[in-house]
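Asker: need a 3D model of the sequence below.
(one chain, ligands or ions: 2)
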Amino acid sequence: MEGIIPAWGRILRGYTPNLSIEITRECPLRCPGCYAYGDDHLGGDVTLRQMSDYRGDALVEGVIRLVREHRALHLSIVGGEPLVRYRELDVLLPKLTEMGVYTQLVTSAVRPIPREWAAIPRLQIVVSIDGLPPEHDVRRKPATYDRILKHIVGQQITVHCTVTRQQVGRDGYLDEFIDLWSRNADTRQIWVSLYTPQVGEESPEMLTPADRQRVVGDLLRLRAQYPKLRMPEGMIEVYRTPPESPAECIFAKTTTCISADLEARVTPCQFGGQPDCSQCGCIASAGLGAIGRHRLRGGLRVGAIFDASFKVGAAMRRVRGWTSGNGNRESENGNQAPGA
Ligand code: SF4
Ligand code: SF4
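Answerer: Numbers count the residues shown, from 1 in each chain. Ligands and ions are numbered 1, 2, ... in the order given. Presented below is the predicted three-dimensional model:
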C-alpha cells in the first residue's frame, strides 16, 4: 500500500501518477505475440518501428520533461528494448532517483545490465522470461537463457513471465519455472502475467478459459511454496474476472502511456490497439484491481473511492485548462486518463 496516499493526491489534482514511456522504437528481438510491434498498437496509422525516436541528451531531457509535466510518481521504461539506449539510461536513471521517482525498467536482458545499476535506489529491473529454456529461447532469441544468466549477474531482478498457450500444455510446467528462478541468486522476485490478446485475435499464444483457471489454481498453490513468487492472492484472483473494459481498469485510468516520439499516446493502456479486457492478464492491472475490489471496514469498496476521486480529478483538469487559458484542451489531450 506504500505510495497509495501520494498517488491518490495526484489523482485528486487531475494527474495520472503512473507514466509508461517507450523510450526507443528499436529491438533486436522478434517475439511472437509482441503487442508493441502490432499493426494497431498506435492506432493503425503508424507502427512503433516507423515512429521517430530520440537519442542522447534529447532523450534524457525529453523523459525528464514528461515526468515533470505529469507529476509522475512511478515511471515504467519500456520499448522496444530499452537497453539499446543504455548510455542514455546511465545518465537518466540516477536523475530519476534524485527526483524521487520509482522507476521500473522492463528489458529482455539481451545485453549486459550495467553492474552499477544494482546500487541505484528506487530502480526495479524487470526481465521478461517467457517459460523454460526450450520455449523461451525459441520465442525470445537472441535474448536466450545463456545470455540472460550472464547479463543479470550482480543484479536483483524481477523475473516477469507472460504465460502463453505454449507453456500450459504440460502439467508441472509453472512449478518447474518458479522453482528454477527461485533458486537463482540474482532474482529478487517472480511475477506472472497471462497473455492478453486483442479483440478478435486468434493466435497460438491465447489461453483458453480452462487454461486460465488452471494457471490461477497453480499460482495460488505455488505462492504458498515459493516466497519469491510475490503475488498476493487477491491479485491472482483478479485473473479469473478481469476488468470488463478500460473504464473499469484502475491501472488504465492511473497510467499515461507515451510512445517513442515522446508525444503519441498509447491507449487505452500499454497494450495499445483494442485489447480484449475480458482476457486481460496484465499483472499491473490485476494488482490495482485487487486494491480496488478490497472492502474497507463498513463495506465500502476502495474502487468506489477511486471512482469519486477520478471525477474530482477530471474537474481539476478542466479548471486548470480554463485558468491556463487553454479552454478544456488539457482534458482532451493532456492528462485524460484512458478510458475515463
Ligand atoms: S523484446 Fe519486447 S519489444 Fe522486443 S519484440 Fe520482444 S516483446 Fe516486443
Ligand atoms: S490493462 Fe486494463 S485496459 Fe488494458 S487490457 Fe487489461 S483490463 Fe483492459
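Asker: ok, how many other residues are close to the residue of the stretch 51-200 of the chain found nearest ligand 1?
Answerer: When distances are taken as CB to the nearest ligand atom, the stretch 51-200 of the chain approaches ligand 1 most closely through residue 108, which lies 4.3 Å from it. The way it works is simple: take the backbone N, C-alpha and C, and place the C-beta from them, glycine included. Neighbourhood size, residue 108 [other CB atoms under 10 Å]: 24.
Asker: and what of residue 36?
Answerer: Using other CB under 10 Å, residue 36 is surrounded by 23 other residues.
Asker: and what of residue 308?
Answerer: Applying the criterion other CB under 10 Å, we find 11 residues in the vicinity of residue 308.
Asker: repeat for the one 3 residues further on
Answerer: Residues within reach of residue 311, counting by other CB under 10 Å, total 12.
Asker: kindly report the residues of this structure close to ligand 2.
Answerer: Contact residues of the chain with respect to ligand 2, defined by CB under 6 Å from any ligand atom, are listed as 196, 242-243, 246, 249, 251-252, 268-269, 271, 275, 277, 280, 282, 285.
Asker: start and end of stretch 7-19, how far apart?
Answerer: Separation of the first and last residues of stretch 7-19 by CA to CA, to the nearest Å is 12 Å.
Asker: got the buried residues for it?
Answerer: Going by neighbour count (16 or more other CB atoms under 10 Å), the buried part of stretch 7-19 is 7-8, 10-19.
Asker: nearest residue to the residue of the stretch 51-200 of the chain closest to ligand 1 in space, please, no chain neighbours.
Answerer: Closest residue to residue 108 in three dimensions, ignoring its sequence neighbours and counting by CB to CB, 6 or more residues apart in numbering: residue 143, at 3.8 Å.
Asker: please verify my assumption that that neighbour contacts residue 109.
Answerer: Yes. Residue 143 is within contact range of residue 109, at 6.0 Å (criterion: CB atoms under 8 Å).
Asker: if you count what's nearby, which of these two comes out ahead?
Answerer: The neighbour count for residue 143 versus residue 109, taken as other CB under 10 Å, is higher for residue 143 (27 against 24).
Asker: doesn't that one belong to a strand?
Answerer: No. According to DSSP: H, G, I helix; E, B strand; the rest coil, residue 143 belongs to no strand; its state is coil.
Asker: just list the residues touching it, thanks.
Answerer: Under the criterion of CB atoms under 8 Å, 6 or more residues apart in numbering, the contact list for residue 143 reads 28-29, 108-110.
Asker: next, name the residue at the spatial heart of this structure.
Answerer: Averaging the C-alpha coordinates of the chain gives a centre point, and the residue nearest to it by CA atoms, centre = their mean is residue 284 (6.0 Å).
Asker: tabulate the buried residues of stretch 7-19 in JSON lines, adding columns for distance to residue 256, secondary structure and pLDDT.
Answerer: Output for the buried residues of stretch 7-19, formatted as JSON lines (distance: CB to CB, whole Å; DSSP: H, G, I helix; E, B strand; the rest coil; pLDDT from 0 to 100):
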{"residue": "7", "distance to residue 256": "13", "secondary structure": "helix", "pLDDT": "74"}
{"residue": "8", "distance to residue 256": "17", "secondary structure": "helix", "pLDDT": "72"}
{"residue": "10", "distance to residue 256": "11", "secondary structure": "helix", "pLDDT": "74"}
{"residue": "11", "distance to residue 256": "12", "secondary structure": "helix", "pLDDT": "72"}
{"residue": "12", "distance to residue 256": "16", "secondary structure": "helix", "pLDDT": "70"}
{"residue": "13", "distance to residue 256": "14", "secondary structure": "coil", "pLDDT": "71"}
{"residue": "14", "distance to residue 256": "12", "secondary structure": "coil", "pLDDT": "72"}
{"residue": "15", "distance to residue 256": "9", "secondary structure": "coil", "pLDDT": "71"}
{"residue": "16", "distance to residue 256": "5", "secondary structure": "coil", "pLDDT": "76"}
{"residue": "17", "distance to residue 256": "9", "secondary structure": "coil", "pLDDT": "83"}
{"residue": "18", "distance to residue 256": "7", "secondary structure": "strand", "pLDDT": "91"}
{"residue": "19", "distance to residue 256": "5", "secondary structure": "strand", "pLDDT": "96"}
